[in-house]
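Novice: build me a structure from this.
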Amino acid sequence: VVYLCGAPGTGKTTLTRRLMTHYGVSKTPSIDPAWPLVPFHSDNSRLFVLGKYEDGEVFSGTDRMSMAVQPEAIKFIDGLYDNATVFGEGDRLFTNSFMQHCNENHNLSIYLLTTTEDVRVERYKERGSNQNETWLAGRLTKIRNIVGNMDFMSIIHRFNNNNKEEQQIVFDAIIKDIG
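Specialist: Numbering: from 1, shown residues only. Below is the predicted model of the structure:
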């Protein structure tokens, strides 16, 4: 399991879309549309990306999923074959309990993206985000609590993602990790 986390505006969904294009990831047609988890798989069926499409074909990651998706995600991941890789990003599944389960039962890598404040503010403007500072502070506290968990410290890879050059470094590291 490879999981990409970071505050809003750090480039998680942008990087995920790029990875999906690189691996030829597409919607998994056999999944019931009423199911709260919509995994996507690569052409070689080894990589599965957790997330969902909205508004036609816009990939929104896990953030727009139901709050109750975690048990379904665990069942899905636990039911995969041994050499499968699951990739996820976003706040919905980035919880202590989900990360703990993945760490105890699978090979987990966490990629933490950060940006400078001015880059984050600019990205917010570009995408028309209206999240207030209180909401953002809550997300940052959640991230700090999870990445501060001693069980995860050796599997967290920290990267700045302020520009295309830094994004390429993260992209290359994730590609190497996925194999």
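Novice: from here on, just use CA atoms for contacts and neighbour counts.
Specialist: Noted.
Novice: show me the shaky parts of this structure.
Specialist: Per-residue confidence for the chain (pLDDT under 70) gives these ranges: 26-45, 52-61, 63-64.
Novice: and for residue 169, the neighbour number?
Specialist: Residue 169 has 14 neighbouring residues, counting by other C-alpha atoms under 10 Å.
Novice: could you list every helix and strand in contact with the helix or strand that it is a member of?
Specialist: For residue 169, the host element (DSSP states H and E) is helix 164-178. Packing partners of helix 164-178 (3 or more C-alpha pairs under 8 Å, 6 or more residues apart in numbering; DSSP states H and E): strand 2-6, helix 12-23, strand 156-160.
Novice: what angle do that helix and helix 12-23 make?
Specialist: 60 degrees (axes from the mean of the first three to the mean of the last three C-alpha atoms, to 10 degrees).
Novice: next one: helix 164-178 to chain centre, how far?
Specialist: 14 Å (C-alpha atoms, centre = their mean, to the nearest Å).
Novice: what lies in contact with that helix?
Specialist: 2, 15, 19, 85, 159-161 (C-alpha atoms under 8 Å, 6 or more residues apart in numbering).
Novice: who wins for neighbours among those?
Specialist: Top of those by neighbour count (other C-alpha under 10 Å): residue 161, with 24 neighbours.
Novice: check contacts around it.
Specialist: So residue 161 contacts 10-11, 113-115, 167, 170 (C-alpha under 8 Å, 6+ apart).
Novice: among the helices and strands packed on helix 164-178, which is nearest residue 137?
Specialist: strand 2-6 (12.3 Å; C-alpha to C-alpha).
Novice: list the helices and strands the closest one packs on?
Specialist: Using 3+ C-alpha pairs under 8 Å, 6+ apart, strand 2-6 sits against helix 12-23, strand 85-89, strand 109-114, helix 164-178.
Novice: neighbours around residue 71, how many?
Specialist: 11.
Novice: how near is it to residue 141?
Specialist: Going from residue 71 to residue 141 by C-alpha to C-alpha, to the nearest Å gives 23 Å.
Novice: again, but for residue 113
Specialist: Relative to residue 141, and taking C-alpha to C-alpha, residue 113 is found at 15 Å.
Novice: more neighbours, those two?
Specialist: residue 113 (22 against 11).
Novice: I'd say that one and residue 156 touch.
Specialist: No. Judged on C-alpha atoms under 8 Å, residue 113 makes no contact with residue 156 at a distance of 10.3 Å.
Novice: quick check: buried residues in stretch 153-170?
Specialist: 156, 159-162, 167, 170 (16 or more other C-alpha atoms under 10 Å).
Novice: do the same with stretch 69-80
Specialist: For stretch 69-80, by 16+ other C-alpha under 10 Å, it's 69-70, 73, 77.
Novice: swap in stretch 146-153?
Specialist: 146-147, 152.
Novice: turn the residues you listed into JSON lines, including distance to residue 24.
Specialist: Shown next, in JSON lines, are the buried residues of stretch 146-153 (distance: C-alpha to C-alpha, whole Å):
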{"residue": "146", "distance to residue 24": "31"}
{"residue": "147", "distance to residue 24": "30"}
{"residue": "152", "distance to residue 24": "30"}
